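Visitor: after the sequence you'll find the predicted model.
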Amino acid sequence: MTLLGILLILFTCLVAVGIGYVANENVRRFDEREHVDFLGREDGKEGDGGEEGLRQGETTG
């Protein structure tokens, strides 16, 4: 019974590490420019994901 408990704890830790690894890879591949909309657009239309619509001196952050 103790062995089963230890195995379940190890399995849980491995799953947590796997989820963290996948999440880290997704964050590293995330490109904010592809997901930014409505920034600096005065006509109310959806942006193309670029920073061309920003006024001079503005930032996306």
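Guide: Right, received. Where do you want to start? What you see is a predicted model, and the numbers here were worked out from it, not measured in a lab. Numbers count the residues shown, from 1 in each chain.
Visitor: from F11, how far off is G18?
Guide: Here the criterion is Cβ to Cβ, to the nearest Å. By it, G18 lies 11 Å from F11. The way it works is simple: take the backbone N, C-alpha and C, and place the C-beta from them, glycine included.
Visitor: and the helices in this protein?
Guide: Shown for the chain, the helices assigned by DSSP state H span residues 2-29.
Visitor: give me the low-pLDDT residue ranges for this structure?
Guide: 35-61 (pLDDT under 70).
Visitor: repeat the analysis, applying 90 as the threshold.
Guide: 29-61 (pLDDT under 90).
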